[in-house]
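[1] Predicted coordinates and the sequence they were generated for:
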Amino acid sequence: MTLAIETAGLCKRFGEVSALDGLDLTVERGVVYGLLGPNGAGKTTAVRVLATLIAADDGVARVLGHDLRREADAVRSRLALTGQYASVDQDLTGAENLTLIGRLLGHSGRAARDRAAELLAAFDLADAAGRPVKQYSGGMRRRLDIAASIVVTPDLLVLDEPTTGLDPRSRADVWRIVRALAAQGTTILLTTQYLEEADALAGRVAVVDHGRVVAEGTPSALKASIGAARLHVRFDDGAGAAAAADTLRSAFGLEVVHEPGSGTLTAPVDDPERAAAILGELTRRHAAMTGFSLDRPSLDEVFLALTAHQEVQP
Amino acid sequence: MTIELLTGGPRPPRAGAVATTAAYARRGLLKLRRVPEQLVDVTIGPILLLVMFTYVFGGAISGTTGDYLQFLLPGILVMGVLLTAVQAGVTLQADRSAGVVDRFRSLPGWRAAPLVGAVLADSVRYAATAAIIVVTGLLLGFDADGGVVGVLAAALLVVGFAFALSWLFTTLGLAVRSASAVQGIGMMAIFLLVFVSNVFVDPATLPGAVAAFVDVNPISHLVDAVRALLYGEPAGAEVGLALAEAAAVTAVFAPLTARLYRRS
C-alpha cells in the first residue's frame, strides 16, 4: 500500500526565516500521526505545503502516492485540511456552509443538503444548523470546520492545531471526533503544541523543531528514549533537598536534578529494587523527607530534552 | 455527541467548472441576502448626492434644478454602481483573513471558480444598485428619452463596466492586509475619478490640465455612453469605447487577481 505522506528534504523560506529546513516525514496509511512542536517550529508551514496551499522551495513530497507539484489537483481531491483558524463562512449558516462544500465536491444539490444535515446531526449541531456561523461558539465553529473536511470522506485528513483555543469540553469533543474518524480508517495528520494531545491521540509522533524532525516514533518509544522512570523526592525546604541531592550523588552516583532553593529533586532510576534501596537510604539519613513519587517521563520532558539537545548542536 | 454517519457515501464524480462557479455564485447571493447593509450603504451615498446636488447646486450650475437632474443622473448611476464594485475586493480580503480562501484553495477543481463565482454574484448587486438609482431619478422627474430600451442598455453597460472594474478591486483586496484598507483606498479612487470627470459639471468650464485629465478619464467615456443611451441619442462610438476600456481593465486585472490568489 502506498504511504499517506512521504517527504524528503522539504525546505521553505519566508524571507530570512527558514520555516522548513529539510523536513523528512514518512506517514503510513490508517494511523493518527502527530506533528508535535512549539510555536514557530514549522508545523503549519508543513501542513500548508502538504495541502498544496504553498509550494516548497526544495525537496520532494508525495501525498497518497501523488507528487505535490505535478499532481496537485489529485492531492486536493483526496486530502482535506482543517486549518488553524475556522475556515467557514461566518455570514452563512452551518447548513449552508456544508452544502456549499458538498456541491463544490460534486454532490447534487439534494445530496449535498442531505449530507450536510447528516453531519450536523452527528456533530451535535442540528439545532444550530439554521443559524449564521458568526453566532456559534468557538467549539461549535471548530466542529463545523472539521465536518466541512469530511463532507466527502478524505483519504487523508489534516488537522492543524485542532484544539488550540478551545475550552476543555470542546477539546474533549474534538478528541472524540478524531478517535471516531481514526476508528473508521481515515488517516489523520494532526499538529499540536500540546504534548498531552499527541500522547492521547497519535499512534506515532514526529517532534519538529526549527523546521526539521528531531525525533520520531511511538509516544512510548520516545519517552523510553530519554531514560526510564524518574524518582521525585520532596522536602519542606531547599536545604533539606540539597542535602538529599548530595547523598544521592555521593552514595549512588545519580545525576540529580535539583534547582537551588527548591524543595523537590528528581533523579532517573531504572530499576524498582534500586529505587527501594535509594528510598531506604534517604529515609534513614533525611527524616525531613515529606513525600516521593516514581513515574515515567512525560512527553513534556521528552520534548524539552530533545529540543534542548538540538540547541547545543551547531 | 453521537458520532455516527461520519463516513459519507462513495465519492461523487468531480464537479465541473460550471457547477463549482455556480456554487460560489450562490454563496455570494446568500451572503448578500444575509448582509443587505452592504447594498444600503453604497446606495444611500449616491442617492444623497443626487438629491443634494440637484436641489442645492442645480440652480447655480444649470439654471434650473430640472435641467441639472437631467445632466447629473447618468453620472450618479455610474458612480453608485462603481462604488458597489469596491465591495468585491472587501469581501475577498475578508475571506482571505478568515481562512475561507485556504479552504477553497484546498479543494479540487477549476482554480478561478471562487473568483469568477463571487464576481458573477456581485453583478446582481450592481443591477440592484442601478435599479434603485434609476427609479429615484425617475421619481425626481428625470426624462428618459431613450425609453425602456435605452434605460436597460445603460444599466447593462454600467453593470458590465463594474464587472470589469471589480477585478481591479479584487487585486487590491489581495494586495493589502485589511478589509477596511480596501474599502478606504477603493472609495477614494472612485471618488477621485468621478469628481475629476464630466459627472458633475461640463468639462468646458475646467482649467486646461484638469480638462485634459477629464478627457482621458475612462469614467468620462462611460458617462458619455450612458448619457447618450438614456437621452436616446446615437451612442455607438461611446459605447464601443467604454466596452473596450472595460475589456482592457479585465485583461490586466483578472489575471493579476488569479496570480495573487494562487500565492495567497
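    Alright, I've got the coordinates.
[2] Buried by neighbour count: which residues of whichever strand or helix holds residue B:251 qualify?
    Taking DSSP states H and E as the criterion, residue B:251 maps to helix B:236-263. Buried residues in helix B:236-263, counted by 16 or more other C-beta atoms under 10 Å in any protein chain shown: B:238-239, B:242-243, B:245-246, B:249-250, B:253-254, B:256-258, B:260-261. Where you see a C-beta, it was placed from the backbone N, CA and C, and this is true even at glycine.
[3] how distant is that helix from the center of its chain?
    Relative to its parent chain, helix B:236-263 has a centroid offset of 13 Å by C-alpha atoms, centre = their mean, to the nearest Å.
[4] now stretch B:84-98
    Centroid separation between stretch B:84-98 and its chain, computed with C-alpha atoms, centre = their mean, is 13 Å.
[5] Only alpha carbons, please: show it as PDB.
    The C-alpha coordinates for stretch B:84-98 follow below in PDB (Å, rounded to 0.1, in the frame of the first residue of the first chain):
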ATOM      1  CA  THR B  84     -20.700  48.900  -5.200                       C
ATOM      2  CA  ALA B  85     -17.800  47.200  -7.100                       C
ATOM      3  CA  VAL B  86     -15.400  48.100  -4.300                       C
ATOM      4  CA  GLN B  87     -17.200  45.500  -2.200                       C
ATOM      5  CA  ALA B  88     -15.700  42.700  -4.300                       C
ATOM      6  CA  GLY B  89     -12.300  43.500  -3.000                       C
ATOM      7  CA  VAL B  90     -13.500  43.900   0.600                       C
ATOM      8  CA  THR B  91     -15.200  40.500   0.500                       C
ATOM      9  CA  LEU B  92     -12.200  38.700  -0.900                       C
ATOM     10  CA  GLN B  93      -9.900  40.300   1.600                       C
ATOM     11  CA  ALA B  94     -12.200  39.300   4.400                       C
ATOM     12  CA  ASP B  95     -12.300  35.700   3.100                       C
ATOM     13  CA  ARG B  96      -8.500  35.600   3.000                       C
ATOM     14  CA  SER B  97      -8.100  36.900   6.500                       C
ATOM     15  CA  ALA B  98     -10.700  34.400   7.800                       C
END
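[6] on that earlier part again, what's the closest of the buried residues of helix B:236-263 to chain A?
    residue B:261 (11.4 Å; C-beta to the nearest C-beta).
[7] which other helices and strands contact the helix holding residue B:251?
    helix B:100-105, helix B:113-140, helix B:147-175, helix B:218-231 (3 or more C-beta pairs under 8 Å, 6 or more residues apart in numbering or on different chains; DSSP states H and E).
[8] can you count the residues close to the residue of the stretch 201-314 of chain A found nearest chain B?
    Closest residue of the stretch 201-314 of chain A to chain B, C-beta to the nearest C-beta: residue A:201 (14.8 Å). Look at residue A:201: counted by other C-beta atoms under 10 Å in any protein chain shown, it has 24 neighbours.
[9] That one and residue A:32 touch, don't they?
    Yes: in terms of C-beta atoms under 8 Å, residue A:201 counts as a neighbour of residue A:32; the distance is 5.4 Å.
[10] Need the residues touching each of these two.
    A:178, A:182, A:190 (C-beta atoms under 8 Å, 6 or more residues apart in numbering or on different chains).
[11] For these, which entry has the maximal number of neighbours?
    Counting by other C-beta under 10 Å, residue A:190 has the largest number of neighbours within these, with 27 neighbours.
[12] Which secondary structure state is assigned to that residue?
    strand (DSSP: H, G, I helix; E, B strand; the rest coil).
[13] residue ranges of the helices in chain A, please?
    Applying DSSP state H to chain A gives helices spanning A:43-50, A:72-78, A:94-104, A:109-122, A:138-149, A:168-183, A:195-201, A:219-225, A:238-247, A:272-285, A:299-312.
[14] Next, the angle from the fifth one to helix A:94-104.
    With axes from the mean of the first three to the mean of the last three C-alpha atoms, to 10 degrees defining the directions, helix A:138-149 sits at 20 degrees from helix A:94-104.
[15] residues making contact with helix A:138-149?
    Under C-beta under 8 Å, 6+ apart, the answer for helix A:138-149 is A:80-83, A:86-88, A:94, A:97-98, A:101, A:119-120, A:122-125, A:128, A:133, A:136, A:157, A:159, A:162-163, A:165-167, A:169-170, A:173-174, A:177, B:103.
[16] Check the second one too.
    Helix A:72-78 is contacted by residues A:51-52, A:63-64, A:66, A:68, A:154-156, B:11, B:14, B:106-109 when judged by C-beta under 8 Å, 6+ apart.
[17] In strands, which of the residues you listed fall?
    Of the contacts of helix A:72-78, the ones assigned to strands by DSSP state E are A:63, A:66, A:156.
[18] The second one pairs with what?
    The partner list for residue A:66 in beta bridges (DSSP bridges) reads residue A:63.
[19] distance of it from residue B:123?
    37 Å (C-beta to C-beta, to the nearest Å).
[20] okay, now residue 215: neighbour count?
    All of this refers to chain A. So residue A:215, with other C-beta under 10 Å, has 21 neighbours.
[21] hm, I was asking about chain B
    Residue B:215, neighbours per other C-beta under 10 Å, totals 13.
[22] With adjacent residues omitted, what lies nearest to residue A:98?
    Nearest in space to residue A:98, with sequence neighbours left out and distances taken as C-beta to C-beta, 6 or more residues apart in numbering or on different chains, is residue A:116 at 3.6 Å.
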